[in-house]
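> the sequence isn't on hand, but the structure is:
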């Protein structure tokens, strides 16, 4: 489970019909090594900090599986800071703690796809991400330091069996099993923003 690539992004201008908008979704400044602090990778940028960035979403990690499965897609379509080998949304669980180089990371939630992806990359890529829940996952930084390409991601601790794909599904379809709902709400490592969205979905489901 190695790091394939590391990248940061800057805000770029895009056009939706006749209106301009900014996004730093494309992470296209590739580096061999980088410093990491509580807020993420040095020099990385997020435009809409209501939904991206902050300690709970310091770094966005994506699976190299999706790049390998779609060689014709733009290589930046996952929109992540770090691409990893072997790990996928099916195998990563919220609360997982990984040691990467000098850094320790904790998985906090899936990324939620937004409308900007379709504008930037087109409908086919947007459909693939939504259909396959190819969201990647956010992590918070428990220990700062430096990471490098080819660093191993070593799983040090697992606190739940709730996968990233599970959590993406549960924002669309609330689980019937009350114990799963309680596990989600009681999981300290889960990002506050996800819990807020899940509670909103839960309220709609019960109305």
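Perfect, thanks for sending it. No experiment lies behind these values; they were computed from the predicted model shown.

> where exactly do the helices run in this protein?
64-69, 116-121, 123-132, 164-170, 178-186, 192-206 (DSSP state H).

> list the buried residues for the longest one?
I take that to be helix 192-206. Along helix 192-206, these residues count as buried under the neighbour rule (16 or more other C-beta atoms under 10 Å): 193-194, 198, 202. Heads up, the C-betas are built off the backbone N, CA and C, glycines and all.

> what do you get for stretch 8-15?
So, applying 16+ other C-beta under 10 Å, buried residues of stretch 8-15: 8-9.

> kindly check the end-to-end length of that stretch for me.
Start and end residues of stretch 8-15 are separated by 22 Å (C-alpha to C-alpha, to the nearest Å).

> before we move on, the earlier item: now distance to residue 81 and pLDDT too, for the buried residues of helix 192-206, in a markdown table please.
Formatted as a markdown table, the buried residues of helix 192-206 follow (distance: C-beta to C-beta, whole Å; pLDDT from 0 to 100):
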| residue | distance to residue 81 | pLDDT |
| --- | --- | --- |
| 193 | 18 | 94 |
| 194 | 19 | 95 |
| 198 | 24 | 95 |
| 202 | 30 | 89 |
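
> tell me which of the residues you listed is nearest to residue 129?
Nearest to residue 129 among the buried residues of helix 192-206 is residue 194, at 17.7 Å by C-beta to C-beta.

> quick check: the closest one vs residue 200, distance?
Computed as C-beta to C-beta, to the nearest Å, the residue 194 to residue 200 distance reads 11 Å.

> again, but for residue 3
34 Å.

> again, but for residue 81
Using C-beta to C-beta, one obtains 27 Å as the distance from residue 81 to residue 200.

> got it, and residue 23?
Here the distance between residue 23 and residue 200 works out to 24 Å (C-beta to C-beta).

> and residue 60, by the same measure?
According to C-beta to C-beta, residue 60 and residue 200 sit 22 Å apart.

> the nearest residue to residue 195 once chain neighbours are set aside: what's it in contact with?
Spatial nearest neighbour of residue 195, chain neighbours left out: residue 185 (6.5 Å); criterion: C-beta to C-beta, 6 or more residues apart in numbering. Applying C-beta atoms under 8 Å, 6 or more residues apart in numbering to residue 185 gives the contacts 195, 198-199.

> also residue 11?
22-24, 45, 47.

> filter those down to the ones in strands?
Judged by DSSP state E, the contacts of residue 11 include 22-23 as members of strands.

> narrow the contacts of residue 11 to those that are buried.
Buried by 16+ other C-beta under 10 Å: 23-24, 45, 47, out of the contacts of residue 11.

> low-confidence stretches in the protein?
Along the chain, segments meeting pLDDT under 70 span 205-207.

> and residue 111, how far from residue 80?
Here residue 111 is placed at a distance of 8 Å from residue 80 (C-beta to C-beta).

> okay, and the common contacts of the two?
Residues touching both residue 111 and residue 80 by C-beta under 8 Å, 6+ apart: 60, 136.
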